[in-house]
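Trainee: here is a sequence together with a model predicted from it:
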Amino acid sequence: QVDAPAGLQAQLRPYQLAGLAWMQFLREYEFAGILADDMGLGKTIQLLSLIASCLETESSMDPVLVVAPVALLA
């Protein structure tokens with residue numbers, strides 16, 4: 001179980017927090033993984049939450065590329 005990053009200006013649903021916890025587990029143990037589910041369940045916000053969590057806890061981080069639908073930019 002993990003908490004959403006303090007700087008995140010969004011409310012994560014329980015299944016999104018579970019996805020965030022899973023991605024943090026993968027990162028901690030240097031495993032690779034794919035987050036995939038039905039469309040519209042919040043994969044983008046889960047990834048942005050992971051990046052925000054890493055920025056809060058690490059002094060430096062490699063660059064990150066996020067590919068997201070254009071509809072999220074509006």
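Mentor: Sure thing, it's come through.
Trainee: and the residue lying closest to Val2 once chain neighbours are set aside, which helix or strand is it part of?
Mentor: With sequence-adjacent residues excluded and distances taken as C-beta to C-beta, 6 or more residues apart in numbering, Val2 is closest to Ala21, at 4.4 Å. C-beta: built from backbone N, CA, C; applies to glycine. Using DSSP states H and E, the secondary-structure element containing Ala21 is helix 14-28.
Trainee: now Asp37
Mentor: Secondary structure assignment for Asp37, by DSSP H and E: no helix or strand.
Trainee: let me know the pLDDT of the most centrally placed residue in the chain.
Mentor: Among the residues of the chain, the one closest to the centroid is Leu47, at 2.4 Å (C-alpha atoms, centre = their mean). In the prediction, the pLDDT value recorded for Leu47 is 90.
Trainee: can I assume it is in contact with Gly33?
Mentor: No: with contact defined as C-beta atoms under 8 Å, Leu47 does not count as touching Gly33 (11.7 Å).
Trainee: shared neighbours of these two, anything?
Mentor: Counting by C-beta atoms under 8 Å, 6 or more residues apart in numbering, the residues touching both Leu47 and Gly33 are Met23.
Trainee: re earlier: what is the burial count for the residue nearest to Val2?
Mentor: The burial count assigned to Ala21 is 15, neighbours taken as other C-beta atoms under 10 Å.
Trainee: for it, give its distance to Tyr15.
Mentor: Here the distance between Ala21 and Tyr15 works out to 11 Å (C-beta to C-beta, to the nearest Å).
Trainee: show me the shaky parts of the protein.
Mentor: Across the chain, residues meeting the criterion (pLDDT under 70) sit at 74.
Trainee: so where do the helices sit in it?
Mentor: When secondary structure is read from DSSP state H, the chain shows helices at 14-28, 43-57.
Trainee: other SSEs contacting the last one?
Mentor: Okay, so that is helix 43-57. Contact partners of helix 43-57 among helices and strands, from 3 or more C-beta pairs under 8 Å, 6 or more residues apart in numbering; DSSP states H and E: helix 14-28.
Trainee: tell me how far the helix it packs on lies from the chain's centre.
Mentor: Between the centre of helix 14-28 and the centre of its chain there are 7 Å (C-alpha atoms, centre = their mean, to the nearest Å).
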